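Chemist: coordinates only, sequence not included:
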C-alpha cells in the first residue's frame, strides 16, 4: 500500500519504521523511543494523518497515544477578585478537552504561574 501526501517531517519516522519492520523478529514490539516520536507526530498532525502516513492501525494508535488532537492554544485568564471576597487572585486554566483548573490565592506574587501551567497542561 502506498501512502500519499506524507508530511515532510514524518518522512524520517516513516523511513525508520520501514527499516525496523524489515529487520524485526516475529512478535517484536515497536521500540519505546519510536513510540515517543510517533506520539509527538500525532500531537502535531493528528491521529488520522499519522496512522495513514506511518501505516499504523488507527484504533491501536489511538489507544497508545490518546485522542490525537493537535495542541490547541491555551487561554489563561487572571482576574482581579471583587473587593468584598478578599481574594488576591483567581486563575483559571482549561485544557483542549475541557478539563478546568481554578486557583484562588491571597498573595499572587509568591506563585510561579509558569510552573502551575506546566504542571496542569503538561507543557
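Modeler: Noted; the coordinates are in hand. Keep in mind it's a predicted model, so treat the numbers as computed, not measured.

Chemist: what ranges do the helices span in the chain?
Modeler: 11-23, 32-45, 47-54, 58-65, 113-121 (DSSP state H).

Chemist: buried ones in the longest one, by neighbour count?
Modeler: Right, the one you point to is helix 32-45. Buried residues in helix 32-45, defined by neighbour count with 16 or more other Cβ atoms under 10 Å: 37, 38, 39, 41, 42, 45. From N, CA and C alone the C-beta is placed, and that goes for glycine too.

Chemist: and the pLDDT for residue 57?
Modeler: pLDDT recorded at residue 57 is 90.

Chemist: ok, the helix-or-strand element of the chain with minimal mean pLDDT: who's next to it in the sheet?
Modeler: Across the helices and strands of the chain, mean pLDDT, DSSP states H and E gives its lowest value to strand 76-79, namely a mean of 71. Strands adjacent to strand 76-79 in the sheet, as given by DSSP bridges, are strand 89-94 (antiparallel).

Chemist: and the partner strand with helix 113-121, angle?
Modeler: Relative orientation of strand 89-94 and helix 113-121, computed by axes from the mean of the first three to the mean of the last three Cα atoms, to 10 degrees: 40 degrees.

Chemist: give me the distance from strand 89-94 to the chain's centre.
Modeler: The offset between the C-alpha centroid of strand 89-94 and the centroid of the whole chain comes to 21 Å, using Cα atoms, centre = their mean, to the nearest Å.

Chemist: contacts for that strand, please.
Modeler: Outside of strand 89-94, the residues that reach it under the criterion Cβ atoms under 8 Å, 6 or more residues apart in numbering are 74-81, 100-105, 108, 111, 113, 116-117, 120-121.
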